[in-house]
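**Student:** Sharing a model that was predicted from the sequence below.
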Amino acid sequence: ETGVTQSPTHLIKTRGQQVTLRCSSQSGHNTVSWYQQALGQGPQFIFQYYREEENGRGNFPPRFSGLQFPNYSSELNVNALELDDSALYLCASSLKLRTSSYNEQFFGPGTRLTVL
Amino acid sequence: KQEVTQIPAALSVPEGENLVLNCSFTDSAIYNLQWFRQDPGKGLTSLLLIQSSQREQTSGRLNASLDKSSGRSTLYIAASQPGDSATYLCGRGYQKVTFGTGTKLQVIP
């Protein structure tokens, strides 16, 4: 069984640029959630994708967008990068049986984004 | 707005001690509770999941309890080891996970 993988592991961008982060969900899972974790803080929910549709969104601006593909892998896109976007970006996958259910979430190793 | 609080923020104990980490929530709505471990700069490792209908879960030296009426959960670690040193996060799970800021644990050999 393959766990959750994320790429790249580290990324350095400059303010105003755009970035795409990728996540491969664990085998058998149909849901991917993205979180942003600033240094010394708990992860903050960005959004969730279930069966290729956005299924909930946290308090993040529209320049944070995402996709989920038929194989349930996912991308997180951030446009017009700001200095405060520097953080560890985590994705988590789970097997969801219906839109409102919660099942154990398994996290990837994260992508460390630095915005200069 | 759902708030999750973890106390203490940091804890340092000698090897072999039993310890308790605390997690509390601002509401007692139906939810699941998941405990995670995070090593510096790394992702989260799931430790225990307590479904809303359950009161506790155990895995090895770890035991987690959930009291919905008071909106609290505790993680008990028995016979702590230096390898347990990490940040422990609790998360309220309902569609998404709402996290506390974690307890940073250091176990001194």
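**Tutor:** Cool, the structure landed.
**Student:** Now do the contacts for B:L33.
**Tutor:** B:L33 makes contacts with B:C23, B:L49, B:I50, B:A64, B:L66, B:S73, B:C90, B:G91, B:R92, B:G93, as judged by C-beta atoms under 8 Å, 6 or more residues apart in numbering or on different chains. Backbone N, C-alpha and C define where each C-beta goes, glycine included.
**Student:** mind checking pLDDT for whichever residue of chain A sits closest to chain B?
**Tutor:** Of the residues in chain A, the one nearest chain B is A:G42, at a distance of 3.3 Å by C-beta to the nearest C-beta. pLDDT for A:G42: 92.
**Student:** Then B:K1?
**Tutor:** 60.
**Student:** pLDDT value on whatever residue of chain B ends up closest to chain A, please?
**Tutor:** Closest contact between chain B and chain A, by C-beta to the nearest C-beta, is at B:F99 (3.3 Å). The confidence metric pLDDT takes the value 92 at B:F99.
**Student:** Which strands or helices does the helix or strand hosting B:S24 pack on?
**Tutor:** Using DSSP states H and E, B:S24 sits in strand B:19-25. Packed against strand B:19-25, as judged by 3 or more C-beta pairs under 8 Å, 6 or more residues apart in numbering or on different chains; DSSP states H and E, are the following elements: strand B:4-7, strand B:10-14, strand B:72-77, strand B:86-94, strand B:103-108.
**Student:** In the shortest one, which residues are buried?
**Tutor:** This means strand B:4-7. Residues of strand B:4-7 classed as buried by neighbour count (16 or more other C-beta atoms under 10 Å in any protein chain shown): B:V4, B:Q6.
**Student:** Which other helices and strands does that strand contact?
**Tutor:** strand B:19-25, strand B:86-94.
**Student:** Strands along chain A, start to end?
**Tutor:** According to DSSP state E, chain A carries its strands in the segments A:5-7, A:10-13, A:19-24, A:31-37, A:44-50, A:53-57, A:64-68, A:74-78, A:87-94, A:106-107, A:111-115.
**Student:** Just put those strands in TSV and tack on distance to chain B.
**Tutor:** Shown next, in TSV, are these (distance: least, C-beta to the nearest C-beta, whole Å):
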stretch	distance to chain B
strand A:5-7	8
strand A:10-13	10
strand A:19-24	11
strand A:31-37	6
strand A:44-50	4
strand A:53-57	5
strand A:64-68	14
strand A:74-78	14
strand A:87-94	6
strand A:106-107	4
strand A:111-115	7
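**Student:** Same list (the ones you listed) but as TSV, adding mean neighbour count.
**Tutor:** Shown next, in TSV, are the strands of chain A (neighbours: other C-beta atoms under 10 Å in any protein chain shown):
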stretch	mean neighbour count
strand A:5-7	16
strand A:10-13	13
strand A:19-24	20
strand A:31-37	26
strand A:44-50	22
strand A:53-57	14
strand A:64-68	18
strand A:74-78	21
strand A:87-94	25
strand A:106-107	22
strand A:111-115	18
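**Student:** Quick one: closest of those to B:T5.
**Tutor:** strand A:44-50 (15.4 Å; C-beta to C-beta).
**Student:** Could you tell me the end-to-end distance of stretch A:63-82?
**Tutor:** Using C-alpha to C-alpha, to the nearest Å, the end-to-end distance of stretch A:63-82 comes out at 11 Å.
**Student:** I should have written stretch B:55-71 there, sorry.
**Tutor:** By C-alpha to C-alpha, the extent of stretch B:55-71 from end to end equals 12 Å.
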